Every structure is written in structure tokens, then in C-alpha cells.
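Undergrad: Pasting the sequence and the predicted coordinates here, then a few questions.
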Amino acid sequence: MLKTMMRRAGKCAAVAAAALMMMSAQAAEPIKIGSFLSVTGPASFLGDPELKTLEMYVEKINEEGGVLGRQLELIHYDDAGNASSARNFASRLIRSDQVDIIVGGSTTGATMAAAPLIGQAQVPFISLAGAVVITTPVKKWVFKTPQSDRMAAERILSDMKDRGITKIGLISGTGGFGSSGRTQTLEVAEQMGMEVLADVTYSGSDTDMTAQLTNIRNTNGVEAVLNFGFGQGPAIVTRNYAQLGIELPFYQSHGVASDSFLELAGSSAEGLRLPASPLLVPDSLPDSDPQKAVVQNYKSEYEARWDSKVSTFGAYAYDGLMLAVRAIEAAGSTEPEAVREALENIKGYVGVTGEFNMSPDDHNGLNATSFRMLEVQNGEWKLIN
Amino acid sequence: MLAEFLQYLFTGITIGATYALIALGFTLIYNSSHVINFAQGEFLMIGGMATVSLTAMGVPMVLAIALAIILAGLLGIALQRFAIAPAKQADVVTLIIITIGASIFIRGIAQLVWGKEYHVMPNFSTNEPIEVFGAVLNSQSLWVLGVGAVLVVALVLFFTKTLIGKAILATSMNKEAARLVGIRTEMVLMLAFMLSALLGSVAGIVVAPITFTSYDIGVILGLKGFVAAAIGGLGSGVGAVVGGVLLGIVEAMAAGYISSDYKDAVAFSMILLVLFFMPRGLFGAKIVERV
């Protein structure tokens, strides 16, 4: 008798709970944030920290009550660095998952493959990839958080100019990042009246770049060498550079601004310079720097949660998510056009990467000064300016 | 001028020696089973990654290397036992597809165990490069060349002087006949997989200080090794070595003298040319079809 009553009570409770859940789901349907990232494959060093960052902050925002009183739901796919699967996943996010906003696209290739489709479907899209082509010319629905490679080129070349260097040798990867960086460097160099005397490339899977570097070394008049690329390639270039005993000032791009690069390149990296996010030197930033607190927070939270070193690339995802949240809050709804407009009007958002000032003609919102110039000294990053 | 040429040559020979060792692994398995083992690159990865992680755990380098080679050997045996042997009756194409599956599986496990980062292995001896006529040579290159040469000689001796080696050769020539004279062909197959895993892992270990190592390093190096084996003529030991070194040198020369953009294009057009005029590769066996 007692048993059956208990059973009945249990059933009742279950039904009531189910009903409650349905009701609350109706009351506050979650805001769906879609993402496609290169979590595995050659660009996994981008996608992996990006996904970790998104997961962690979506959790945190939900614990703090969500956005507009609604919970966030992260729906993500792994494009493994493959542009065509990025496109497929973007289409799945839009058609079957019906997400409200997309924050993703680890590589320029993945972003550019998915952008037309997302633009057509009229969903706001914040890309986490670097190349300048993503937001120049401005695409109505596409935004991005990393500084563009053009800014990096400007920052590097002006640093060279300050040192009195006007003739350079360029070695770049043939991947999307490297080749876009190469084009930008050539353009910026011409504007600044600098000459690129040697211009060589390597493919992402190359394991030895001595041949290309020898070519640069034997070019008369080269005063400094710049390597534009990402992945393990630049680390190999750095090592070969030291092995060949080239004494010229050496620059890398922001593509390798991470501690794992220092680990790979070892003592060969000594003295090289690169533009980077303040995230690499959180403690050397002056207290007057508005980014200092944001940067330190992100670093300590990420490292406490994942027990692995924070990376600049994860910070792009942090800024992407926070911009999305800000825009949705400002728009007061997830209505795509309203969110898009709110994104376009974000001013003075201080993120980990820099201070964002969006406008209808600037869907990136950063300028070259958000890069800090670093030099490797005694195996560590040192803030130069 | 000479310095430049020498520099390209050193670069080419070093990477070529690696291709050659991988190509030899392909050749071994191809000879004993006519299977092209696309998991060959994974053996290379296991060698490098296991050594790196063991040394990181405090195991002395030499012991770490030995353990890594043994691990790869066991993996080779396991691959044959659990993936190839159960599909005994399947035709060669099916077996090749099985090896592709196995390579993806091994890569996946490696990714879980070791993560996705690239890892560094210190040079075996000094970090100081050696200078020869104005060109510099990484001291590790000498290790690659030396170890490669020793392995090739050891393989030649193994196949011509030992009974087991001869048994493998016999199986590759005619499986049925080999079985009739009492050779345990299953055993031979297993041995071939183990040997090629050993070869692959050694190659992976000696080049790791130059190329770095990561869970997916085997994909592209494995492919290049296969290309080298195809140029030399699948199934020919000499061919594998010549094909590997040739491929490495052509790549380096193309990158230095023409443009690094065309490096891979030059290498792959070379295969086309070789296969056009010598469909069985440079040293491929002349096979008479029996009707």
C-alpha cells in the first residue's frame, strides 16, 4: 500500500518536474551562439583555446544569470582547419540549429568560405581570424576581433624604420595567413618607402627552410628579415636563421606570439621582435593601461580553469563572445538586424586584444597601437613599446 | 656560389635521408604482402612523440629512444595481428584501406594522449652547426645520414645473410611456394610489419630535433616517403633509398634556385616524368605477366 503510494507520488513529481521544465524553457528560450572552430588539425592551436574560452565564459555568464534573463547555449562544430567543412557547418548552424549569432572561424580560409553563406542568411557573424580581407571591404554581416595583418605589417615596418632599416628580406608561409601577410607587407612597405629586396615563401608542412634563408642571405643590401606565417613553420625558420648565423635584425609576425613558440624556437629566438597582444606581458603593462585589468583577469581565469597556458588566440574568442553579449544587451533582443546594428555601434569596449571602436566602415574597430612591440630577451618576452 | 649549392645540397640530403627511411618501410611491407601501408607515417610519429614524452618524464634519452622504438615495434605487430590478419581473405585494396583507417585511429589516440602541440627534441650532440666551405650543416643532419646508412646496410645484411631475411624474400616472391617449403608466412608478415615500424620510428626519432614532432607529423612525411618509394620503384630497396634522396635534393634545389612556391610542384612533376617513362619506377622489378 505504502509502496504504491510512494510510486504514485514519484510519478506525480516526475510529471510536475517535466512540466516545470517545459514552462521555464518556454519562458526563456536560450540564446543560441553558434561556432565553427578548427579544434583539431593544423590550426588546432587556434581552435583549441578558442573553444575552451567560449565554453568557459558561456558557463560563467549562465551562472551569473545569462543575457537579457536568458541562458546562453553554445553550439559548436570542429572544421579541422578545412574551409569546405567550415562552410558546411556554418550552413548547419543557420539552417538546422537556427543560431542567433555566430562567433567562430579560426582561420581566414574557414571564415572566407563561410562568410558569403552567413551574409545571405543574414546572421551576425564575428570572425576570429586575422586577414584584412575579412572586413575590408566591409561586409554587412561580418565582424572580426583580431587585429588585421595589415596593422601588424604597419607596426613591424614602422619599428624597423625607427631603427633606420629601409631594405628588408621577406619570408612567408603559403597558407592563408602568410600569403595575406605577404601582400599587406608589400603594400605597406611601398607606402612607407621601404624596399622588399628578397621575397621567398615556404609551405606549411616544410621541415627545413635553410634554402630559402640562404637565398635571402645572399641578396645584397638586406638590412632586416621578416617572417610572416603561423604554426610550427616560423619556429623552424627561426632555428634555421640561427644555424645559418645570420646577424641581421629578425622580425616575426603576431601569428606566433605565444609562449609555445618560445619553447619550440628555444635560444634561437633570442633578440627577435614581434608585434603582439598585451596578453603576453600582462605584468609589464603600466598601471595606467586600461587593458591591464581585463588582460590579467582573463589570464588568471583561463589558467585556473584549464590548467594550461593562456594564448592570444583564445583572447580573440573572449572578445568575440563579449562583443556579441554586449550587442545583444544593447539591442534588447536577438533580432538579427538589431544585433548587427548594435555591434556596428560598439564604442570603447576594452577587451583583451585592444580597445574596440566599431563603425559602419570599420567592422574590426582596432588600430595598430593595440599591438605591443615585444623582443625576446633571455628566453622571455620583453615589452619594447 | 659553391656555398649556396652546398647549402641546398645539405638541406636536400638530410630531408631526403628521412624520406628514404620511410620509403624503406613502405618497401618492406609491400614486398611481403603487396600492401601499401599508409600507417607508415604514424610509426614515425610514435617514435618521435614517445621519445619526447619519455624524456620529459625524466627517462634518460638513450633509454627513452630504446623504449620508443620497442613501443613502435609492438604497435607494428598489433597492427598486423588485429587489423590486417583478421581480413586475411580480403584483396590488397581492402587491406590498404584498412591501413588508412588504422593510421587515422593511431593519430586520434596520439592526439588524446599527447595533445595537439608541437614538441621539441634536443639535438643528440652539439647545437653548434658545422661549417663546410661556407655552407652550414646542422650536426643532427650527420646523425640522420649516419643512422640512415647504418640501417640500410643492416637491412641488406639481414636479407642476404639471415634465414629469416631470406624467408621474407621468399614469401614476397611466391607466397604459396614459400608456404609449401615450410615458411610460416603469417609470421613473416608480422615480422615485416614490425621491422617497418622499427625503421619508421628510428626515422621519426632522428629527424625530430630538426622538424619538431607532433601527433600529425606522420601525415605529410609519410606521403613524401610514399612518393619516394614510388619514384624508386615500389618494392625495390635501392629504389627507396635513391628515390628518397633524389626527392629531397630536388625539393631543396627547387626551393633555392627556382622559387619555394614551385618546390612541391617540381617534386611532383618529377614523379610524373619518372612514371611516364619508367612506369615501374627507377629500380622497379620487371614483371612478366603469365597468361
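TA: Perfect, I can see it now.
Undergrad: Could I have the CA atoms of the helix or strand encompassing residue A:74 written out in PDB?
TA: Assessed by DSSP states H and E, residue A:74 sits inside strand A:72-78. Taking Å, rounded to 0.1, in the frame of the first residue of the first chain, the C-alpha atoms of strand A:72-78 are listed here in PDB:
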ATOM      1  CA  LEU A  72      23.300  31.100 -23.500                       C
ATOM      2  CA  GLU A  73      23.600  27.900 -25.400                       C
ATOM      3  CA  LEU A  74      26.800  27.200 -27.200                       C
ATOM      4  CA  ILE A  75      26.600  25.000 -30.400                       C
ATOM      5  CA  HIS A  76      29.900  24.300 -31.900                       C
ATOM      6  CA  TYR A  77      31.500  22.200 -34.600                       C
ATOM      7  CA  ASP A  78      35.100  21.300 -35.400                       C
END
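Undergrad: tell me the average confidence for it?
TA: Strand A:72-78 carries an average pLDDT of 95.
Undergrad: Tell me the strands beside that strand, with direction?
TA: Partners of strand A:72-78 in the sheet, by DSSP bridges, are strand A:31-37 (parallel).
Undergrad: In the strand it pairs with, which residues are buried?
TA: A:31, A:32, A:33, A:34, A:35, A:36, A:37 (16 or more other Cβ atoms under 10 Å in any protein chain shown). Quick note: C-beta positions are derived from backbone N, CA and C, even for glycine.
Undergrad: circling back: quick one: contacts of the strand holding residue A:74?
TA: A:30-40, A:47, A:51, A:54-55, A:58, A:61-62, A:66, A:89, A:92-93, A:97, A:99, A:104, A:325 (Cβ atoms under 8 Å, 6 or more residues apart in numbering or on different chains).
Undergrad: will you turn the buried residues of strand A:31-37 into JSON lines that also has distance to residue B:236?
TA: JSON lines is the format used below for the buried residues of strand A:31-37 (distance: Cβ to Cβ, whole Å):
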{"residue": "A:31", "distance to residue B:236": "63"}
{"residue": "A:32", "distance to residue B:236": "58"}
{"residue": "A:33", "distance to residue B:236": "56"}
{"residue": "A:34", "distance to residue B:236": "53"}
{"residue": "A:35", "distance to residue B:236": "50"}
{"residue": "A:36", "distance to residue B:236": "46"}
{"residue": "A:37", "distance to residue B:236": "45"}
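Undergrad: quick one: contacts for the closest residue to chain B within the stretch 51-200 of chain A?
TA: Chain B sits closest to residue A:200 of the stretch 51-200 of chain A, with a gap of 5.3 Å, by Cβ to the nearest Cβ. Counting by Cβ under 8 Å, 6+ apart, residue A:200 touches A:169, A:170, A:171, A:172, A:212, A:215, A:216, B:259, B:260.
Undergrad: show me the contacts for residue A:112.
TA: Here residue A:112 is in contact with A:83, A:131, A:133, A:134, A:176 (Cβ under 8 Å, 6+ apart).
Undergrad: now the helix or strand following the strand holding residue A:74 and strand A:72-78, what's the angle there?
TA: Remark: after strand A:72-78, the chain's next helix or strand is helix A:83-95, criterion DSSP H and E. Relative orientation of helix A:83-95 and strand A:72-78, computed by axes from the mean of the first three to the mean of the last three Cα atoms, to 10 degrees: 150 degrees.
Undergrad: In helix A:83-95, which residues are buried?
TA: With burial defined by 16+ other Cβ under 10 Å, the residues of helix A:83-95 counted as buried are A:83, A:85, A:86, A:87, A:88, A:89, A:90, A:93, A:94.
Undergrad: Same question for stretch B:161-176.
TA: Buried residues in stretch B:161-176 (16+ other Cβ under 10 Å): B:165, B:167, B:168, B:170, B:171, B:172, B:175.
Undergrad: and the nearest residue to the last one once chain neighbours are set aside, what does it touch?
TA: To tie it back to what came earlier, the one meant is residue B:175. What sits nearest to residue B:175 in space, not counting adjacent residues and going by Cβ to Cβ, 6 or more residues apart in numbering or on different chains, is residue B:185, at 5.6 Å. When contacts are counted by Cβ under 8 Å, 6+ apart, residue B:185 touches B:171, B:175, B:178, B:179.
Undergrad: Burial check on residue 130, number of neighbours?
TA: Since you didn't name a chain, this refers to chain A. Applying other Cβ atoms under 10 Å in any protein chain shown, we find 31 residues neighbouring residue A:130.
Undergrad: wrong chain, I was asking about chain B
TA: Residue B:130 - counted by other Cβ under 10 Å - has 14 other residues nearby.
Undergrad: got the contact list for the closest residue to it other than its chain neighbours?
TA: Leaving aside its chain neighbours, residue B:130 sits nearest to residue B:137 (4.7 Å; criterion: Cβ to Cβ, 6+ apart). Going by Cβ under 8 Å, 6+ apart, residue B:137 touches B:10, B:129, B:130, B:131.
Undergrad: Please report the distance of residue A:34 from residue A:320.
TA: Separation of residue A:34 from residue A:320 (Cβ to Cβ, to the nearest Å) stands at 12 Å.
Undergrad: Next, format the contacts of residue A:112 as CSV and append distance to residue A:146 and secondary structure.
TA: Output for these, formatted as CSV (distance: Cβ to Cβ, whole Å; DSSP: H, G, I helix; E, B strand; the rest coil):
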residue, distance to residue A:146, secondary structure
A:83, 18, helix
A:131, 9, coil
A:133, 13, helix
A:134, 9, helix
A:176, 13, helix
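Undergrad: So which of these is the closest to residue B:26?
TA: Nearest to residue B:26 among the contacts of residue A:112: residue A:83, at 30.5 Å, using Cβ to Cβ.
Undergrad: For that closest one, list the residues it contacts.
TA: Counting by Cβ under 8 Å, 6+ apart, residue A:83 has contacts A:107, A:109, A:110, A:112, A:113.
Undergrad: Please repeat the previous calculation with a cut-off of 10 Å.
TA: A:38, A:105, A:107, A:108, A:109, A:110, A:111, A:112, A:113, A:114, A:176 (Cβ atoms under 10 Å, 6 or more residues apart in numbering or on different chains).
Undergrad: And for residue A:38?
TA: Residue A:38 makes contacts with A:44-48, A:50-51, A:78-83, A:85-86, A:104-107, A:109-110, A:128-129, as judged by Cβ under 10 Å, 6+ apart.
Undergrad: mind running it again at 6 Å?
TA: By Cβ atoms under 6 Å, 6 or more residues apart in numbering or on different chains, the contact list for residue A:38 reads A:46, A:47, A:79, A:81, A:106, A:107.
Undergrad: what about residue A:195, how many neighbours?
TA: 12.
Undergrad: should've said residue B:63
TA: Residues near residue B:63, counting by other Cβ under 10 Å, number 12.
Undergrad: Which stretches in the stretch 51-200 of chain B count as helices?
TA: Here the stretch 51-200 of chain B has its helices, by DSSP state H, counting those that start in this stretch, at B:61-78, B:92-114, B:139-161, B:163-173, B:175-180, B:185-211.
Undergrad: Deepest-packed of the ones you listed, please.
TA: Ranked by mean neighbour count, those are led by helix B:185-211 with a mean of 25 (mean count of other Cβ atoms under 10 Å in any protein chain shown).
Undergrad: okay, the angle between it and helix B:139-161?
TA: Note on geometry: by the same axes, to 10 degrees, helix B:185-211 and helix B:139-161 are set 170 degrees apart in direction.
Undergrad: and helix B:185-211, what's its mean pLDDT?
TA: Confidence over helix B:185-211 (mean pLDDT, whole number) is 90.
Undergrad: following it, which helix or strand shows up next?
TA: helix B:217-232.
Undergrad: quick one: contacts of that following helix?
TA: A:205, B:19, B:22-23, B:26-27, B:40-42, B:44-45, B:239-240, B:242-244, B:247, B:271, B:274, B:281-283.
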